[in-house]
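>>> sequence first, predicted coordinates after that:
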Amino acid sequence: MSVSSHLDELRRKHAVLEQKIEIETRSPGSDDLQITEMKREKLRLKDEILRLSESSTVH
């Protein structure tokens, strides 16, 4: 898998997770722990996207 296709996949996962967080946050009786875990995963994906983006522009 090329870096650009991997970045595309990470961005897609990030966007899907963002939608899930938004839906869960608006849902009555939402699980705060689940939302927190999704936010952590979203941040992890963002960090990975930034890291790969920076490394691909350096080379």
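Received, thanks.

>>> mean confidence score for the top helix by length along the chain?
Using DSSP state H to define each element, the chain has its longest helix at helix 32-58. Mean pLDDT, computed over helix 32-58, is 94.

>>> quickly note the distance from the spatially most central residue of the chain to Gly29.
With distances taken as Cα atoms, centre = their mean, His14 lies nearest the centre of the chain, 2.7 Å away. Taking Cβ to Cβ, to the nearest Å as the criterion, His14 is separated from Gly29 by 26 Å. Where C-beta positions appear, they are placed from N, C-alpha and C, glycine not excepted.

>>> which elements pack onto the helix or strand harbouring Ala15?
Secondary structure from DSSP states H and E places Ala15 in helix 3-26. Using 3 or more Cβ pairs under 8 Å, 6 or more residues apart in numbering; DSSP states H and E as the contact criterion, the elements in contact with helix 3-26 are helix 32-58.

>>> quick check: buried residues in the helix it packs on?
By 16 or more other Cβ atoms under 10 Å, the buried positions in helix 32-58 come out as 38, 42, 45, 49.

>>> likewise stretch 5-21?
7, 10, 14, 17, 21.

>>> ok so, going back, convert the helix holding Ala15 to PDB, retaining C-alpha atoms only.
Provided in PDB are the C-alpha atoms of helix 3-26 (Å, rounded to 0.1, in the frame of the first residue of the first chain):
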ATOM      1  CA  VAL A   3       1.700   6.200   1.600                       C
ATOM      2  CA  SER A   4      -0.900   8.300  -0.200                       C
ATOM      3  CA  SER A   5      -3.500   5.400  -0.300                       C
ATOM      4  CA  HIS A   6      -2.700   4.700   3.400                       C
ATOM      5  CA  LEU A   7      -3.300   8.400   4.200                       C
ATOM      6  CA  ASP A   8      -6.600   8.300   2.300                       C
ATOM      7  CA  GLU A   9      -7.700   5.300   4.300                       C
ATOM      8  CA  LEU A  10      -6.700   7.000   7.600                       C
ATOM      9  CA  ARG A  11      -8.600  10.100   6.600                       C
ATOM     10  CA  ARG A  12     -11.700   8.100   5.700                       C
ATOM     11  CA  LYS A  13     -11.500   6.300   9.100                       C
ATOM     12  CA  HIS A  14     -11.100   9.700  10.800                       C
ATOM     13  CA  ALA A  15     -14.200  11.100   9.100                       C
ATOM     14  CA  VAL A  16     -16.300   8.100   9.900                       C
ATOM     15  CA  LEU A  17     -15.300   8.200  13.500                       C
ATOM     16  CA  GLU A  18     -16.100  11.900  13.600                       C
ATOM     17  CA  GLN A  19     -19.600  11.200  12.400                       C
ATOM     18  CA  LYS A  20     -20.000   8.400  14.900                       C
ATOM     19  CA  ILE A  21     -18.900  10.700  17.800                       C
ATOM     20  CA  GLU A  22     -21.300  13.400  16.600                       C
ATOM     21  CA  ILE A  23     -24.200  11.000  16.500                       C
ATOM     22  CA  GLU A  24     -23.400   9.400  19.800                       C
ATOM     23  CA  THR A  25     -23.000  12.900  21.500                       C
ATOM     24  CA  ARG A  26     -26.400  13.900  20.400                       C
END
